[in-house]
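# sequence first, predicted coordinates after that:
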Amino acid sequence: MLIGSLIAFSFAVNDILNVSGVITTGRFISLGIIGFIMSQSFVTNNRFNQLSNHNETLTDKLKEHNADLELMSELLETKVEQRTRQLKLANIELKALANNDSLTNTFNRHGLQQYIQVAFESYRRSQNLFCILLIDYDNFKDINDIYGHDVGDHVLLIGADLIKSGMREQDKLARWGAKSFSFCYQTLICKAHWL
Ligand SMILES: Nc1nc2c(ncn2[C@@H]2O[C@H](COP(=O)(O)OP(=O)(O)OP(=O)(O)O)[C@@H](O)[C@H]2O)c(=O)[nH]1
């Protein structure tokens, strides 16, 4: 661009000198202008090519980053899915721990209370009868004291299994206290049968 300007400038000076009669070289201003325009378009073209190359490099980099981001996003989704699955399992375990008695594999008091609530609401809505039975071991301390705690545990387990063997699927059994069971079932006929 500097060269183009210099050419145009020197041709302009030449023409001025020529018009003034100082020199007799002829007039070249139009050639100078053409040279200036050509050098200008050469520079512009060069600059355009540079920008275009730079643009391509940036586009390539952007594509690479996008691919990385997509990969990371997929990994993140997989991780979130895994964690959600683990949390769901942990929740199920926690719920089981909160509602069950591990020794007898029955509900605990909290677990059964939820069913009693449901049975009570069903009674209020449609007079569906339900019954709660409480069974307690007498002198259980003696079993522990005489035969040991393990045998006491076994007696509790056998007691629970015995009651379970006479239950229907909709009946619920819980270890209500240390050595007592509570049994909830719905319908009076069943109650009469059990009593
Ligand atoms: N083996 C075993 N014993 C338990 C468990 N939980 C509580 N016990 C025992 O149960 C006994 C309860 O004693 P008590 O409340 O006097 O009951 P009891 O001896 O049956 O007396 P009564 O109810 O008056 O007939 C205690 O010795 C506790 O240690 C358990 O999970 N396993």
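All right, it came through fine. Residues are numbered from 1 along each chain as shown.
# roughly how far out does stretch 123-142 sit from the chain middle?
Distance, stretch centre to chain centre, for stretch 123-142: 43 Å (CA atoms, centre = their mean, to the nearest Å).
# how about it and the ligand, any contact?
Yes. Stretch 123-142 reaches the ligand (CB under 6 Å from any ligand atom) through 137-141. C-beta here means a position set from N, CA and C on the backbone, and glycine is covered the same way.
# now that stretch: mean pLDDT?
Taken as a whole, stretch 123-142 has an average pLDDT of 90.
# just the ones of the residues of stretch 123-142 next to the ligand in strands?
With strands taken from DSSP state E, there is no overlap with those.
# between the residues you listed, which has the most around it?
Highest neighbour count within the residues of stretch 123-142 next to the ligand: residue 137, with 17 neighbours (other CB atoms under 10 Å).
# please, which helix or strand holds the residue of the chain found nearest the ligand?
In the chain, the residue that lies nearest the ligand is residue 152 (2.6 Å; CB to the nearest ligand atom). Using DSSP states H and E, residue 152 maps to helix 149-165.
# sheet partners, orientation included, of whichever helix or strand comes after that helix?
In the C-terminal direction, the helix or strand that comes right after helix 149-165 (DSSP H and E) is strand 172-175. Strand pairing for strand 172-175, determined by DSSP bridges: strand 106-108 (parallel), strand 180-186 (antiparallel).
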